[in-house]
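Q: Test case, fold it:
(2 chains)
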Amino acid sequence: MIIDTSGPPVLPAKQVADFKPSLLLGEHSLCPGCGEPVALRILLEVLQELDIVQRTIGVVGHGCYGSFVRIMDVDVLQCLHGRAPACATGIKRVRPGVAVFTLQGDGDMANEGLQEVLHAAARGENITCVMLNNGVFGDTGGQQTATTVLGQRTKTSIDGRDPELHGYPIPVADLVASLRGSAYVARGAVSTAAGVLQAKRMLRKAFQTQLDGAGFSLVEILTMCPTGWFVPTAEGPTYQQGTMEQTYGIGELVTR
Amino acid sequence: MSRGTLVIDVDRCKGCELCLAACPPNVLSMSATVNEQGYRYPELHDGCTGCTACQIVCPDFVFAVYRFTPAS
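A: Okay, here's the model as predicted:
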């Protein structure tokens, strides 16, 4: 028997979860099965739970998530491709009282601006970088990025990434974790409900690290891109668990 | 017997089916008909616990979750 879900229940009940966070003002236009809106939800929820929305400035790179700037009710700067950590550094140094985060993809952070994030981490800038890693340049049509895992099919590695031809993937969180200026580095995934909640705890710790003035924090979140991976949407999480999560590993890399 | 229930905003759904795999009691199934965007959407069967797993994994913010309050 199918239950009527067109409106709130008639029997006495308490609402425990709403459709979307109140900081989201409209609809996003991303593909079915994408993991990035899930990551956006937990990011906005963390800002609300820490009660820092009114003193937060986001710096957004270029990628599919760039369309979020239209619908998120947070002050946002959109900067040159890959340069978000440098812009965030400037904002934080001029206005030390605000919480500054960057929202970048793997193409933005690892291909276009790897040096920006590494230098920001090495300087111990008191900012939080959030990297949404799906292993493809989704916004430009699904080309291979520096974080595409071995064997993964993309539009420009149609038979799978081959180390002989394309080299090896770059684990960004591990690189950042090796730098002394990093105070909190973690890698999460949004492939399961438990994984989403774990990633949310990581984001909360990262922002808390910044609020405590402890130094640079980075959370890499592995997100599904079934369109770019050529898999059915329902198989996106399983594919991610078998490939990206095996290659990179989930967990906290630095806590100081 | 259901301990919880959902409100499903079917017209926002893009039919990715992530909620079906995430549902611990396995009480969601895809509809036979399509919404105004042309996607099939989830339907709820008896046995929902109100655990919010579907709402947590949904990329299109389709679910609101309710837990029934016990009669006093």
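
Q: Look through chain A and tell me its longest helix.
A: With DSSP state H applied, the helix covering the greatest number of residues in chain A is identified as helix A:193-211.

Q: Buried ones in that helix, by neighbour count?
A: Neighbour counts over helix A:193-211 (16 or more other Cβ atoms under 10 Å in any protein chain shown) mark A:193, A:195-200, A:202-207, A:209-210 as buried. Using the backbone N, CA and C atoms, a C-beta is placed for each residue, glycine as well.

Q: Contacts for it next, please.
A: A:38-39, A:42-43, A:45-47, A:49-50, A:52, A:99-101, A:126-128, A:130, A:183-184, A:186, A:188-190, A:215, A:217-219, A:221, A:250, A:252, A:255, B:22, B:52-53, B:56-57 (Cβ atoms under 8 Å, 6 or more residues apart in numbering or on different chains).

Q: Burial check on the residue nearest to A:Thr223 when sequence neighbours are not counted, number of neighbours?
A: Using Cβ to Cβ, 6 or more residues apart in numbering or on different chains and skipping the chain neighbours, the partner closest in space to A:Thr223 is A:Gly35 (2.9 Å). By other Cβ atoms under 10 Å in any protein chain shown, 29 other residues sit near A:Gly35.

Q: now swap in A:Val10 and tell me
A: Look at A:Val10: counted by other Cβ under 10 Å, it has 8 neighbours.

Q: same question, A:Pro96
A: A:Pro96 - counted by other Cβ under 10 Å - has 10 other residues nearby.

Q: who's in contact with it?
A: A:Asn126.

Q: What's the separation between it and A:Gly188?
A: Using Cβ to Cβ, to the nearest Å, one gets 28 Å for the distance from A:Pro96 to A:Gly188.

Q: Same check on A:Leu118?
A: Taking Cβ to Cβ, one finds A:Leu118 at 21 Å from A:Gly188.

Q: now for the helix or strand encompassing A:Val59, which elements pack on it?
A: Take DSSP states H and E as the rule and A:Val59 turns out to sit in strand A:56-60. Where contact means 3 or more Cβ pairs under 8 Å, 6 or more residues apart in numbering or on different chains; DSSP states H and E, strand A:56-60 is packed against strand A:75-78, helix A:84-94, strand A:99-105.

Q: Any chance of TSV for the ones you listed, columns mean neighbour count, distance to B:Leu18 and mean pLDDT?
A: Output for the helices and strands packed on strand A:56-60, formatted as TSV (neighbours: other Cβ atoms under 10 Å in any protein chain shown; distance: least, Cβ to Cβ, whole Å; pLDDT from 0 to 100):
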stretch	mean neighbour count	distance to B:Leu18	mean pLDDT
strand A:75-78	15	27	95
helix A:84-94	20	28	97
strand A:99-105	28	20	97
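
Q: Chain B is nearest to which of these?
A: strand A:99-105 (15.5 Å; Cβ to the nearest Cβ).

Q: List the buried residues for stretch A:173-186?
A: A:173, A:175-177, A:179, A:181-186.

Q: Show the end-to-end separation of it, please.
A: From its first residue to its last, stretch A:173-186 covers 7 Å (Cα to Cα, to the nearest Å).

Q: how far does it sit from the chain's center?
A: Distance of stretch A:173-186 from its chain centroid, counting by Cα atoms, centre = their mean, to the nearest Å, is 16 Å.

Q: Need the contact partners of it.
A: So stretch A:173-186 is contacted by A:114, A:117-118, A:121-125, A:131, A:187, A:202, A:205-206, A:209, A:214-220, A:248, A:251-256 (Cβ under 8 Å, 6+ apart).

Q: Okay, and which of these map to strands?
A: Counting by DSSP state E, the part of the contacts of stretch A:173-186 found in strands is A:131, A:187, A:216-220, A:251-255.

Q: I figured B:Tyr39 hits B:Glu17, correct?
A: No. Contact criterion Cβ atoms under 8 Å: B:Tyr39 and B:Glu17 do not qualify, at 10.0 Å.

Q: Looking at those two, which one has more neighbours?
A: Between B:Tyr39 and B:Glu17, counted using other Cβ under 10 Å, B:Glu17 has the larger neighbour count: 23 against 19.
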